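[1] Just to be clear, the model below is a prediction. Sequence and coordinates:
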Amino acid sequence: MAGSCFCCVALKPRYKRLVDNIFPTDPQDGLVKSNMEKLLFYALSTPEKLDRIGEYLAQRVNRDIHRHRRIGFVFLAMDALDQLLVACHAQAINLFVESYLKMVQKLLEYDNVDLQILATSSFVKFTNIEEDTPSYHRRYDFFVSRFSAMCHCDEVSESDRLKIRTAGLRGIQGVVRKTVSDELQVNIWESVHMDKIVPSLLYNMHDPRMTDEDDNATESFYISSDSLEPESPRNEDDPALVAATTFRDLVCRASFGSIKSVLKPVLVHLDLHKLWVPNDFAIKCFKIIMYSIQAKYSYLVLQMLMSHLDTHQKSEPMIKANIIDVLFQTVLIAAGGSVGPSVLEVFDTLLRHLRVSVDSKYEEAEKTEMERKFQEVIINTIGEFANNLPDYQKIDTMMFVLGKLPQKTNHEDYGTPPIDIQLQNMLLKTLLKVATKYQTVVMMNAFPPEFLIPLLKMSQVEEPALRLIVQDILHTLIDRHGNTQKLKNVCMLKDLSELTIETTPRQDIMFMKKNGNHFYHHLYENIEMNSNHVENFEALYCTMALILVELGSSDLLVDLCRLALDIQHMVCTNNHLPITHKCAIHGLLAAYLNLLCHLMSIPAFSEHVNQVLESRSQEASFLLPEFAFNRKNKPSSYPIDFTLRENWLFSQKAIAESLQNNGHDTAGLDVPFSLRPLGIGDTSDMTHSTSDIHSVNLDFDSTNGSPTVPKKVDDVTFDALKKMLNEEETVNKDEEEKKRLQIFASFRDAPFEEIMARSEAKSNQFHNKLNEILDLVSNPPESPSSTTNLSSPDAAVAVFSMQIPDLYVY
């Protein structure tokens, strides 16, 4: 019977007849337009027939696929399906879509390039249709898998390969567009889908042909979708650019909960395909991510990258260095907005890896060199990143780095482990790199106490190389006019026109009056160290000269002279210093006071300095910087008998008279600076000038008047204070909790009469105490002194006998 109905057209259902009539005899003629309009009208009039129309069309497509000569009718059937999808928006469209998706799936499974492209094109049109009632049970797992497989097509023919890959990418884009708009649809952000979609996009984005093209144009396309014209054929046909567009669209649609699902496959793909070395492609990928992601989620990218860097802790240094480079490029984009606490989080991660790298020891010289380059990459990355931060965050960054330095307490052994020395070296280099990016305007901002005190404390470590880096940091922060290079060499400056000198601002003078003692103490103790090299003395001279040029003023002249005289006294009385050090210190002081007399222009002071220099040039040239800092000197070049004459030394009396005649208070000039036990860790208020005689603390334990090193006091470290406070807080909390439980138990279990009686007793006790106090105030007890003055007219009047104006009574 069914066969008879099939042969007899009149017995076919109407929807089948309408479907059959849209197909012409020759597929080249296209769909019969009039009959197609009838089919559309019928479908719109009777939407309940849509599912049957779809099933019948699916049967025809399935039949025509197996008849290889009727492939043209497959294209016509898909065209009819597309028109029906666009025209119909009834609730029954869901049943029709099920038949439609089965047809698309059948075409995608068929091993024919044209049919796969046809199915993909039709599916993309379907994804652009907004359904009134989305189907929550519909699944797209097959399409995700199939389109992802098409993205990895390796057909022999290049044209077919490009077509299939492009079709697969557009299919993935359609799936994403169809599913992300409705949260009740299938969750495309699940890892089972993202692990297929993201690698497929990255595989096509990493096109080796693109490296031979204009890199600037390519990168601009990655960053902005408007870089290429819409009608550009390259934008339509190139899988790499289509994949970039799709990837950007995917990241743009990601929410807070789904962005990690996109980033994780990216990192895994870069690991598996070893794309970190070189890292050009990795940088481009994360630029797409950072420019496409919502700004408020950008910190998640930084967190993912830093966590991934931690997983590569034991990887090759080059891999870690390139990951840090990608992190740096990512942070630069994020720094355009505000990344907030992520700044210090990035620095913390980088510094942690720097420490791990310093602790790593390799026997192979090649790996050791790679680790060294990795350490340099970290330092440069921190510095370049700090360059993009505001000034206040640069200071915070320097304080953060300084806080990571291993600190030695007084209770530790004198020696410092080599690993700690190397780590301190790397961290100080990092600090110096950040300091070079900071432009000092006001010294108070550049040297907050929380930064200045630990930095100067680091200048007193045993290692000369570390002290040299600290001096370089001070030079960078103090110098505001580019005078450092001109003051690097210790020499007698004759012409100050080479230096850039401006009037010291009042706020900087106040800063030096408050914090100058820290600088002077730091310079004094550094010059006294036996482990100094020539470079250390040159750096110390540069620091002293920069203080003169940048911060020197008539208000600080006495302190500056006092520092030089104290150092001279120290070198004359210290028998442990080698002769090379003594000559270097005397030459340093000669150059320092020569610069000071040129800056201050006090005739008597300048005359005395010039007399001493003239005497040295004629009788003791080894005390001048030209000899003392000559690196060609031999041991035989130095005098055997190092006896100093009075006319070779700067006279404290002559300097005091010249300053006093010029109107300066020289009361504190004769007090050796070394006798002031204000160590670097002293945080007391030092607003007074060092020239104030009343501010001097003398050490009476000394048996002679020679200068001695200040006594070391036990450092009260932050950890010790924190531990003490935590212990007290724990004890107090236990006592408070115990008391609270007792009160709670008393009010919960005691009867109401007992509670009321206890309250009345406390109230009565309070009133009794109050009455006692008032009685004592109104009738104070007699004392011998009071009894002798009872008759005095100036005897004290009782408080309650005083007449108080009504205005003050309430």
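    Perfect, thanks for sending it.
[2] and this protein, what are its domains?
    Here the domain parsing of the chain from automatic domain parsing is 12-138, 479-695.
[3] Dump the ones you listed to CSV, plus mean pLDDT and distance to residue 432.
    In this view, the C-beta of every residue, glycine as well, is placed from N, C-alpha and C. Formatted as CSV, these follow (pLDDT from 0 to 100; distance: least, CB to CB, whole Å):
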stretch, mean pLDDT, distance to residue 432
domain 12-138, 81, 56
domain 479-695, 84, 12
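[4] any chance of those in TSV, with mean neighbour count and distance to residue 775 too?
    Below are the domains of the chain laid out as TSV (neighbours: other CB atoms under 10 Å; distance: least, CB to CB, whole Å):
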stretch	mean neighbour count	distance to residue 775
domain 12-138	17	86
domain 479-695	17	44
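[5] Okay, and the most centrally placed residue in the chain sits in which element?
    Residue closest to the mean C-alpha point of the chain, counted by CA atoms, centre = their mean, is residue 343 at 2.6 Å. Using DSSP states H and E, residue 343 sits in helix 342-359.
[6] now residue 530
    Here residue 530, judged by DSSP H and E, is contained in no helix and no strand.
[7] In this structure the residue nearest to the centre of the chain contacts residue 393, no?
    Yes - in this structure residue 343 lies within contact range of residue 393 using CB atoms under 8 Å: 6.3 Å.
[8] In terms of pLDDT, where does the residue nearest to the centre of the chain sit?
    Looking at residue 343, its pLDDT is 75.
[9] Residues contacting the helix holding residue 343, please?
    Helix 342-359 has contacts (CB atoms under 8 Å, 6 or more residues apart in numbering) with 299, 302-303, 306, 309-310, 313, 317, 320, 324, 327, 331, 334-335, 339, 371, 374-375, 378-379, 381-382, 385, 389, 393, 396-397, 400-401, 404, 419, 422-423, 426-427, 430.
[10] Narrow these to just the buried residues.
    Among these, those classed as buried by neighbour count (16 or more other CB atoms under 10 Å) are 299, 302, 306, 309, 317, 320, 324, 327, 331, 334-335, 339, 371, 374-375, 378-379, 381-382, 385, 389, 396-397, 400-401, 404, 422-423, 426-427, 430.
[11] Distance of the residue nearest to the centre of the chain relative to residue 738?
    44 Å (CB to CB, to the nearest Å).
[12] Kindly report the same for residue 473.
    On the measure of CB to CB, residue 473 and residue 738 end up 52 Å apart.
[13] Show me which of these two is the more surrounded one.
    In this view residue 473 and residue 738 are compared by other CB atoms under 10 Å, and residue 473 has more residues nearby, 22 against 10.
[14] which secondary structure elements does the helix or strand residue 772 falls within contact?
    Using DSSP H and E, residue 772 sits in helix 752-778. Contact partners of helix 752-778 among helices and strands, from 3 or more CB pairs under 8 Å, 6 or more residues apart in numbering; DSSP states H and E: none.
[15] chain center to that helix, what's the gap?
    On the basis of CA atoms, centre = their mean, to the nearest Å, helix 752-778 sits 61 Å off its chain's mean C-alpha point.
[16] Would you format the domains of the chain as TSV with distance to residue 277 included?
    Formatted as TSV, the domains of the chain follow (distance: least, CB to CB, whole Å):
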stretch	distance to residue 277
domain 12-138	36
domain 479-695	37
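[17] quick one: which of these is nearest residue 284?
    Evaluated over those, closeness to residue 284 peaks at domain 12-138, with 25.9 Å, by CB to CB.
[18] what's the spacing between that closest one and its chain's center?
    57 Å.
[19] What of stretch 658-669?
    Worked out by CA atoms, centre = their mean, stretch 658-669 lies 50 Å from the chain centre.
[20] One more: stretch 529-540?
    34 Å.
[21] Likewise for stretch 606-613?
    With CA atoms, centre = their mean, you get 52 Å for stretch 606-613.
[22] do stretch 475-484 as well
    Using CA atoms, centre = their mean, the offset of stretch 475-484 from its chain centre is 25 Å.
[23] Residues contacting that stretch, please?
    So stretch 475-484 is contacted by 432, 435-436, 438-441, 443, 446-447, 499-502, 539, 542-543, 545-547, 549-551 (CB under 8 Å, 6+ apart).
[24] Out of these, name the ones that lie in helices.
    432, 435-436, 443, 446, 539, 542-543, 545-546 (DSSP state H).
[25] As a markdown table, the residues you listed with distance to residue 260 would be great.
    Output for the ones in helices among the contacts of stretch 475-484, formatted as a markdown table (distance: CB to CB, whole Å):
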| residue | distance to residue 260 |
| --- | --- |
| 432 | 37 |
| 435 | 36 |
| 436 | 36 |
| 443 | 45 |
| 446 | 40 |
| 539 | 49 |
| 542 | 51 |
| 543 | 49 |
| 545 | 55 |
| 546 | 50 |
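[26] of those, closest to residue 239?
    residue 436 (44.7 Å).
[27] what about the closest one, neighbour count?
    15.
[28] Can you name the residues that contact residue 180?
    Counted by CB under 8 Å, 6+ apart, residue 180 has contacts 188-189, 253.
[29] among these, which one has the lowest pLDDT?
    Here the lowest pLDDT out of the contacts of residue 180 sits on residue 188, with 84.
[30] Kindly provide the distance from residue 285 to residue 265.
    11 Å.
[31] same check, this time on residue 272
    Residue 272 sits 10 Å away from residue 265, going by CB to CB.
[32] For the two, indicate the residue with more neighbours.
    residue 265 (19 against 9).
[33] Now do the same for that one: its pLDDT.
    Reported pLDDT for residue 265: 95.
[34] ok, it touching residue 193?
    No - in this structure, residue 265 is not within contact of residue 193 by CB under 8 Å, at 10.0 Å.
[35] Tell me the helices and strands packed up against whichever strand or helix holds residue 65.
    Using DSSP H and E, residue 65 maps to helix 50-66. With contacts defined as 3+ CB pairs under 8 Å, 6+ apart, the packing partners of helix 50-66 are helix 14-21, helix 33-45, helix 71-87, helix 93-109.
[36] Make JSON lines out of the ones you listed and add distance to residue 599.
    Shown next, in JSON lines, are those (distance: least, CB to CB, whole Å):
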{"stretch": "helix 14-21", "distance to residue 599": "102"}
{"stretch": "helix 33-45", "distance to residue 599": "96"}
{"stretch": "helix 71-87", "distance to residue 599": "86"}
{"stretch": "helix 93-109", "distance to residue 599": "85"}
